[in-house]
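>>> Please work out how this folds:
(chains A and B)
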Amino acid sequence: MKTFSRYPLYFIVPAFLLYAVLFIYPTAAGFYYSFTDWSSYSKEINFIGMENFSRLFTEGVMQTAIRNTLIFAVAVTVLVNVVGLTLALMLNERTLLGSFYRTAFFIPVVIASIIVGYIFMAILNPEYGILNKTLRAIGLDALAMNWLPDTRTALWSIIGTEVWKSAGFAMIIYLSGLKTIPRDLIEQAMVDGAHYLTRFRHIVFPLLAPAFTVNFLLTVIGSLKVFEIVFVLTGGGPGYATEVINTFVYRNFAKGMWGYATSASIMLTLIVSVVAVSLLIVLRKREIEL
Amino acid sequence: MKVSRLKALLWGLALVLLLGLLSACGGGSENDGGSSSGSGNESAAGGSSSSSSSSSSSSSSDGGAKPVKITFTTLSTSESEQQAFQEIFDNFKQETGHTVELEILPGGNEYENIIKTRFATNDPPEIFYFFAGPNEYINLNAEENLVEMTSEAFVQTLTPAVRDFYTLDGKIYGIPWGSYNALGVIYNRKVFEENGLSLPKNYDELLQIADTLKQKGITPFFEAVQTVWPTQIFFLSGFQSFVLPVIGEEGVQKIISNELRVTDIPEFTELFRRYYELKTAGYLNDDLLSGTYELQQETLSNGKSAMAFQADWILPIIQERFGNAADMGFFPMPGPNDEGIVSLYPPKQIFVSRDAGNRDAIMELVRFMTSPESLAVWHKYNSGIPVYGGVESDMYPAQEDIYKYIQSGKGVIQIQLRTKATFVPELDKITQEFIIQGDVEKTVKRIDENYRQDGRNKKLPGFE
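Numbering: from 1, shown residues only, chains lettered A, B, ... in the order given. Predicted structure coming up:
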């Protein structure tokens, strides 16, 4: 393809303006406000330097929030990708049943997080929820725990809910990745006597690298920014056991501590950027090698 | 490229659905402020609300001649409160033609968050029910956001103690509404009678009572840990009986002005240790973490639990759900050497926001609500100790107990409402975490830090 049309540069101005006003300006303003004591209690806004940030780390709740957010991100990313890939491998047939299941697994992705939260609040209810009722019915009483109120299981219950919701999305992307793998490669490997697992390890998985990069990055970034599912299921509780960075930001915003909440939010932006960029570099290198 | 008819049909259907959804969302919501749309909402980005309020108050000078729609925002509590509001509003409509719509939002700390967020995003509720205390004036930035009520007629009919309590620097911004509530121990009198128990004269006797009940298989205290806010009550009612006698009124003033830190009061830390002791001694409900407010009501009512650290606002709900609120009694948290002091919670208050469009109609509503007839309607549904003079109210037996304590001088307004910087933000989460984990030092330290940080945030003198 040699020719390309050259459009005047000013064609991008409208879109760029929109982007600048709705994205660049608020982010820059956020950076500015995170260094001030902007709050609902006074009309003046004073520059206070790094005080907000140092407070973030000495307060104690922030450390819990960061820890929980990181655990959540790692667990959700790993589980979503494993489950999504497994589902994609299983449902890669063109059968009617495969088609039905693909749709079924994708539907949770399009349900709003709040609704998913309410559904799972009902499912995970220790007394009346169907999870515990089923466990008791099949004799596994010991496993019927207080999923959401118990500090030990609360975070994992939220992780489970998020995996249920997002695995379908990973599945769809992996499916499209699988479709790009030429069938004759697989057939040649089968002729050469390779087992399924060997085929997977040496052919399928390396060729899925682009889909893997996309999924991994999207899940990591999305799960670092989690809010709704935590807020609906536990509100950050019990106590602060499931507090994540965004629930912390929300609480401080509602308290009127706007500058402080903005600084927590900027810190989240930094974490996400660092994680995303480093992951991108590592994963992209993998792709080029193949 | 051929586009099959089926595809075109499906696209068309999707488009129609999308448009339908969008129009439904857009058409369904009405601006708050009723007919005068956009009065407070046209403020420029970053502008403070006071600049727009001057323009809105001049635009609503139609004298309330046209019937307007007012939205009254409240938090979800008991059915009886909502019924009372509804009847008052129906009467108001009959008399003036203005419609008042009752907007019910989730309660607890969430309510405070929602209201503050609405003020922050320039979408304040016009007239709303809010928590008690003059420190809410500071919380909501009353001078900028709320209408001052000092010169209104109802102020004169308030009982003096409440009027004094609600006056800050000579101004009153809220309309006290409801009854006095008291924090302490709500107990099932039948359970006590059946087991031959009498009211404790001090804290050790309370523990003995708990032990007797435990032997008999009755849960001594039911704590609603999952609902979060009830876990604060042990501390708030215990403060009066354990800490107040030691530090005195002087000490309280010092706390208010940040000259005395709660970490320096041994009795304060001791109070938390005692709370956790209840758990380790097995006097709390077994399934502590899934205890909810609803279960608390249920077990108190049917006698499976004997006592709960609660306030008398639980009584109308028990009455509504189980019908036996008359079986409940009340006693204050006993102190180390005496029966204890009742921790009083003056009624919540109604605020009117400055940005509200139909100011005249709203003030008419305020005057209507504070008239003896409307107050009588309120107390018809919500028995309790009235705060306006000249109003009769039926009280549950437990409330009569409370009234007796107040009359004999054993009632003090609880500490949380007397401080300018609040203990409140996150106190409920802190106490919830405490009863689960039991780290006394960490909890007291956190309360102290929260308190001082709040004072710094509000730029109160003495807190830098």
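>>> for the longest strand along chain B, packing partners?
The residue-count maximum for a strand in chain B (DSSP state E) belongs to strand B:179-188. Applying 3 or more Cβ pairs under 8 Å, 6 or more residues apart in numbering or on different chains; DSSP states H and E, one finds that strand B:179-188 makes contact with helix B:233-238, helix B:293-302, strand B:305-311, strand B:328-331, strand B:342-345, strand B:385-386, helix B:397-407. Bear in mind the C-beta positions are built from the backbone N, C-alpha and C, glycine included.
>>> try 7 Å
helix B:233-238, strand B:305-311, strand B:328-331, strand B:342-345, strand B:385-386 (3 or more Cβ pairs under 7 Å, 6 or more residues apart in numbering or on different chains; DSSP states H and E).
>>> list the contacts for the closest residue to A:Val116 other than its chain neighbours?
Spatial nearest neighbour of A:Val116, chain neighbours left out: A:Lys165 (5.1 Å); criterion: Cβ to Cβ, 6 or more residues apart in numbering or on different chains. Each residue near A:Lys165 by Cβ atoms under 7 Å, 6 or more residues apart in numbering or on different chains is listed here: A:Pro108, A:Val109, A:Val116.
>>> helix, strand or coil for B:Phe72?
strand (DSSP: H, G, I helix; E, B strand; the rest coil).
>>> Secondary structure element holding the residue of chain B found nearest chain A?
In chain B, the residue that lies nearest chain A is B:Glu433 (2.7 Å; Cβ to the nearest Cβ). Using DSSP states H and E, B:Glu433 falls within helix B:427-437.
>>> Could you verify my assumption that the residue of chain B closest to chain A touches A:Gly236?
No: counting by Cβ atoms under 7 Å, B:Glu433 sits too far from A:Gly236 to count as a contact (10.6 Å).
>>> what residue lies at the spatial centre of the chain?
This is for chain A. A:Ser223 (2.5 Å; Cα atoms, centre = their mean).
>>> wrong one, I was asking about chain B
Nearest to chain B centroid, counting by Cα atoms, centre = their mean: B:Phe131, 4.4 Å.
>>> quick one: the closest residue to that residue other than its chain neighbours from B:Leu75, how far?
What sits nearest to B:Phe131 in space, not counting adjacent residues and going by Cβ to Cβ, 6+ apart, is B:Lys348, at 5.6 Å. Noted for B:Lys348: a distance of 9 Å to B:Leu75, by Cβ to Cβ, to the nearest Å.
>>> Look at these two and report which has more neighbours.
B:Lys348 (24 against 20; other Cβ atoms under 10 Å in any protein chain shown).
>>> and that one, bridged to which residues?
B:Trp177 (DSSP bridges).
>>> Please name the residues that touch it.
Contacts were defined as Cβ under 7 Å, 6+ apart; by that measure B:Lys348 touches B:Tyr129, B:Phe130, B:Phe131, B:Ala132, B:Trp177, B:Gly178.
>>> change it to 8 Å
Residues near B:Lys348 by Cβ atoms under 8 Å, 6 or more residues apart in numbering or on different chains: B:Tyr129, B:Phe130, B:Phe131, B:Ala132, B:Pro176, B:Trp177, B:Gly178.
>>> Of these, which is the nearest to B:Met149?
Nearest to B:Met149, judged by Cβ to Cβ, of these is B:Pro176 at 9.8 Å.
>>> Check whether that closest one really touches B:Phe351, as I assumed.
No: with contacts counted by Cβ atoms under 8 Å, B:Pro176 stays clear of B:Phe351, the gap being 11.0 Å.
>>> Which other helices and strands does the longest helix along chain A contact?
The helix that spans the most residues within chain A, counting by DSSP state H, is helix A:258-289. Judged by 3+ Cβ pairs under 8 Å, 6+ apart, helix A:258-289 is in contact with helix A:25-33, helix A:51-58, helix A:61-90, helix A:209-224, helix A:245-255.
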